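>>> got a structure for you, letters missing:
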């Protein structure tokens, strides 16, 4: 063991030390007994520790010192909890103020309801008479779609975009009252192969329920386009001729 290593171990070598194992303690003791520099240094440190220890033990300790320490700890603890409560309340108040200000800003910035624009939209849909009109309507709003050609657009009452499995797709809503005063409705969703894989759906293209029939049809001119049709009649004849896709 060299002097550098021995002096490093001296930093943690004391009677109650647990950092050194038996081998290190034995090697350190051997080095101190032989080294003319480390041995006297270690002895000097030992005498200084003993002197300081006796001096500290000679200081009288008040009998109520433990109680005074505990009382002080309780005071410090209570002060910390009060400070924590004040800080927490401050943070909560700041968050509440931020939420209130955000709500107030949103409330004041709500767009005014423009009834005339809604009326213009409804009128624009009401004059659509063909698939081309529908496609132009969507194109004017940045949406390229292919409308079905085999339906009667005089029964068209609404168009828009609907979310299907997280994807917005164009849809058309047809409705009419037949001769028996029965309402017939059909929703046509325009599906692109770029968005959905319809191969599995085409294996069972028609599903009939108690009130609605769901059918998927391919566009004969645009094979990458399909139409998901949900209607309440036995066929699509209520909205023109039977769709022959």
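Thanks, I have it. Note that the structure is a prediction, hence the values are computed from the model and not measured. Residues are numbered from 1 along each chain as shown.
>>> Tell me how many other residues surround the closest residue to residue 225 other than its chain neighbours.
In space, and not counting its chain neighbours, residue 225 is closest to residue 219: 4.2 Å by CB to CB, 6 or more residues apart in numbering. (Glycine included, C-beta is placed from N, CA and C.) Look at residue 219: counted by other CB atoms under 10 Å, it has 18 neighbours.
>>> Residue 219 contacts residue 193, doesn't it?
No. Between residue 219 and residue 193 there is no contact under CB atoms under 8 Å: 10.6 Å.
>>> what sits in contact with each of these two?
In terms of CB atoms under 8 Å, 6 or more residues apart in numbering, residue 219 and residue 193 are both contacted by the residues 225, 226.
>>> if we can go back for a sec, do you know how far the residue nearest to residue 225 is from residue 198?
Distance, residue 219 to residue 198, using CB to CB, to the nearest Å: 11 Å.
>>> tell me, what's touching these two both at once?
Common contact partners of residue 219 and residue 198 (CB under 8 Å, 6+ apart): residue 226.
>>> which stretches of this structure form strands?
In the chain, the strands defined using DSSP state E lie at 156-164, 167-177, 183-192, 206-208, 213-218, 225-231.
>>> Pipe the ones you listed into JSON lines and attach distance to residue 67 and mean neighbour count per row.
Shown next, in JSON lines, are the strands of the chain (distance: least, CB to CB, whole Å; neighbours: other CB atoms under 10 Å):
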{"stretch": "strand 156-164", "distance to residue 67": "71", "mean neighbour count": "15"}
{"stretch": "strand 167-177", "distance to residue 67": "73", "mean neighbour count": "17"}
{"stretch": "strand 183-192", "distance to residue 67": "81", "mean neighbour count": "19"}
{"stretch": "strand 206-208", "distance to residue 67": "83", "mean neighbour count": "11"}
{"stretch": "strand 213-218", "distance to residue 67": "82", "mean neighbour count": "18"}
{"stretch": "strand 225-231", "distance to residue 67": "82", "mean neighbour count": "21"}
